[in-house]
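In: Sequence isn't available, so here's the structure alone:
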């Protein structure tokens, strides 16, 4: 008996609101905006790792808080897709859907890493 296995591509387009980043730079000036963006990116990287750790430790309440912080930070710097996926993590936690949570958390980490890279690339292009 031959079984077919489907392999799903996990390469979705990152959605950044470059206008939100440009507004941030206009409002704060280059140096202050650069500082805000760098701190936000550092905090996002830490939050993503911390959220994964909380998942492995099965601390869903703290994991939910961590995901909510990701939403707030991501919205501040125009990472719309990352914000939405972090919101999906909170929904999975609220619904106690462990299978969906595992999948959505993996997506959150993938999107998070790619979003951070995308923002670095935008900064290199002098928003």
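Out: Good, I have the coordinates. Note that the structure is predicted; figures quoted are calculated from it, not measured. Numbering: from 1, shown residues only.
In: And residue 117, which helix or strand is it part of?
Out: Residue 117 belongs to helix 98-124 when assigned by DSSP states H and E.
In: That helix - what's its average pLDDT?
Out: Average pLDDT, helix 98-124: 89.
In: what comes up buried for that helix?
Out: Residues of helix 98-124 classed as buried by neighbour count (16 or more other CB atoms under 10 Å): 101, 104-105, 107-109, 111-112, 114-116, 118-119, 122-123. All C-beta atoms are positioned from the backbone trio N, CA, C, and that covers glycine.
In: Name the nearest of the residues you listed relative to residue 67.
Out: Nearest to residue 67 among the buried residues of helix 98-124: residue 108, at 7.6 Å, using CB to CB.
In: so which strand or helix has the closest residue to that closest one other than its chain neighbours?
Out: Among residues not flanking residue 108 along the chain, residue 85 sits closest, at 4.8 Å (CB to CB, 6 or more residues apart in numbering). Counting by DSSP H and E, the element that carries residue 85 is helix 80-94.
In: which outside residues touch that helix?
Out: 12, 14-17, 44, 51, 60, 63-64, 67-68, 70-71, 74-75, 98, 100-101, 104-105, 107-108, 111-112, 115 (CB atoms under 8 Å, 6 or more residues apart in numbering).
In: make it 7 Å
Out: Helix 80-94 has contacts (CB atoms under 7 Å, 6 or more residues apart in numbering) with 14-17, 60, 63-64, 67-68, 70-71, 74-75, 100-101, 104-105, 107-108, 111-112, 115.
In: need the contact list for residue 112.
Out: Residue 112 is in contact with 44, 48, 82, counting by CB under 7 Å, 6+ apart.
In: Next, work out how far apart it and residue 26 are.
Out: Look at residue 112 and residue 26: by CB to CB, to the nearest Å, they are 26 Å apart.
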